[in-house]
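K.L.:
what follows is a predicted structure for the sequence shown.
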Amino acid sequence: MKPFAYHQPDQIPDAAKLLTSIEDSKLVAGGMTLIPTLKQRLANPPALVDLSKLGSLKGITDDGATITIGAMTPHAVVAASKVVQAKIPGLAALASMIGDPAVRSRGTIGGSVANNDPAADYPAGVLGLGATVITSAREIAADKFFLGLFETALEPGEIITAIRFPVPLKAGYAKFKAPASRYALVGVFVAKITDGVRVAVTGAGPGVFRVPPMEAALSGNFDPSAIAAIKIDNDGLTSDIHAEADYRAHLVTVMAKRAVDAALS
Amino acid sequence: MQISFTLNGRPTTVDVEPATLVAELLREQLNLTGTHIGCDTSQCGACVVHLDGLPVKSCTLLAPALDGASLLTIEGLQGAPGSNRMHPMQEAFREHHGLQCGFCTPGMLMTAVALATEKPNLTEADVRHGLEGNICRCTGYQNIVVSVMVGAAAMHAAKGE
């Protein structure tokens, strides 16, 4: 790693100021993506702004109809949270499937969502539940947040402080993981909410996306059989050494069925 | 920068560059070479240590994260005070041949102890899921899984006494 300056602000405005005033500086949350990136010298920021001293970014709040998870809350805490397990068990299950125990100790929901890795798990949960991303400056609906490969609606200097999830009627997540990295080869999050069903897919393409035909079919009949015959188009899906686009398209249907099963169980 | 933390129960203060990894700090600056660096890409788990009781990969942890925290490495694992024995998880690995070359063993033990501490009654499925981030190229995992189950039971039996 190239040397860098290290800042540990204890106020969100100070963190935002550092981020904008030092060109090419980076935020570090759990570091599960950033540290490997620095080690490979794929990024050489002159300074890191560590968010770990911002106490207000940690913790889970139950607001009745919604659950708000602080950006610096690690995956292990979400997975073990009694509140999340009781109200959105599909989200607790998703958190328990990320990486491995050591990754879940350090990796954070805010880091995962801000990074928007095309094979990360949380973007599927955030988009699938129609959550709201709360930042230092504003609130952004999930449908407007994820823009593509590692790209989000975040402006320079904008910091995610929390994610607010509406409590669904039912929700489930299923993923087919790449065996070495445990990233999603394909992961599907399905949520039944009062005004319909949302289906969000990660891993299959350059960014998380919804599947309207499956949403329509499941709104009429929330059962795996309703989507068994729906296969998404290969166009635009990822082909790499792990799987070809056609296989990923097939897996979307299989994982969507399993996610509905998980939501029903 | 100067950081202060508790290392295996002892207060420790060191000067580090912010870009220092905890695995490097332990091995090269503090001469604690029980923590192994296998892949150095956060996949193999040979470098697992406990940060405030939680398992973390020390090759993917910057030294500043230690400031004010408590760190436990493989050197800090020990049996009951005065017993002159190893930690129950280490005893189980020895008894049940949970290692061959031993390179992955420090990380396996640290992950296993964290797993057993977090959940009292581990099933085989829990152990296999919990060891996903630790790679062993010798054993085929069968004896590691057996060792962890026996070690976890011994840890909880010792606690109950």
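P.N.:
That came in fine, so what should we check first?

K.L.:
which SS class is the residue nearest to residue A:171 when sequence neighbours are not counted?
P.N.:
Among residues not flanking residue A:171 along the chain, residue A:90 sits closest, at 3.6 Å (C-beta to C-beta, 6 or more residues apart in numbering or on different chains). C-beta: built from backbone N, CA, C; applies to glycine. Look at residue A:90: counting by DSSP: H, G, I helix; E, B strand; the rest coil, its state is helix.

K.L.:
just checking, residue A:90 touches residue A:262?
P.N.:
Yes: using C-beta atoms under 8 Å, residue A:90 is in contact with residue A:262, at 6.5 Å.

K.L.:
shared neighbours of those two, anything?
P.N.:
Common neighbours of residue A:90 and residue A:262 are listed as A:172-173 (criterion: C-beta atoms under 8 Å, 6 or more residues apart in numbering or on different chains).

K.L.:
residue contacts, the closest residue to chain A within chain B?
P.N.:
Of all residues in chain B, residue B:133 sits closest to chain A, at 2.6 Å by C-beta to the nearest C-beta. If you count contacts by C-beta under 8 Å, 6+ apart, residue B:133 has them with A:99-103, B:43, B:45, B:48, B:57, B:111.

K.L.:
please redo it, this time with the cut-off set to 6 Å
P.N.:
With contacts defined as C-beta atoms under 6 Å, 6 or more residues apart in numbering or on different chains, the neighbours of residue B:133 are A:100, A:102, B:45.

K.L.:
quick check, central residue of chain B?
P.N.:
Centroid-nearest residue in chain B, with C-alpha atoms, centre = their mean: residue B:110, separated by 2.0 Å.

K.L.:
correct me if wrong: it contacts residue B:45.
P.N.:
No: using C-beta atoms under 6 Å, residue B:110 is not in contact with residue B:45, being 8.6 Å away.

K.L.:
hang on, residue B:14 in a helix?
P.N.:
No: counting by three-state DSSP, residue B:14 is not part of a helix but strand.

K.L.:
burial of it, as a residue count?
P.N.:
16 (other C-beta atoms under 10 Å in any protein chain shown).

K.L.:
show me the contacts for it.
P.N.:
Listed by C-beta under 6 Å, 6+ apart, residue B:14 has no contact partners.

K.L.:
now do it against residue A:7, distance only.
P.N.:
20 Å (C-beta to C-beta, to the nearest Å).

K.L.:
A helix includes the residue nearest to the centre of chain B, no?
P.N.:
Yes: judged by three-state DSSP, residue B:110 forms part of a helix.

K.L.:
show me where pLDDT drops low in chain B?
P.N.:
B:161 (pLDDT under 70).

K.L.:
mind listing the strands for it?
P.N.:
B:2-7, B:10-15, B:48-51, B:54-57, B:70-72 (DSSP state E).
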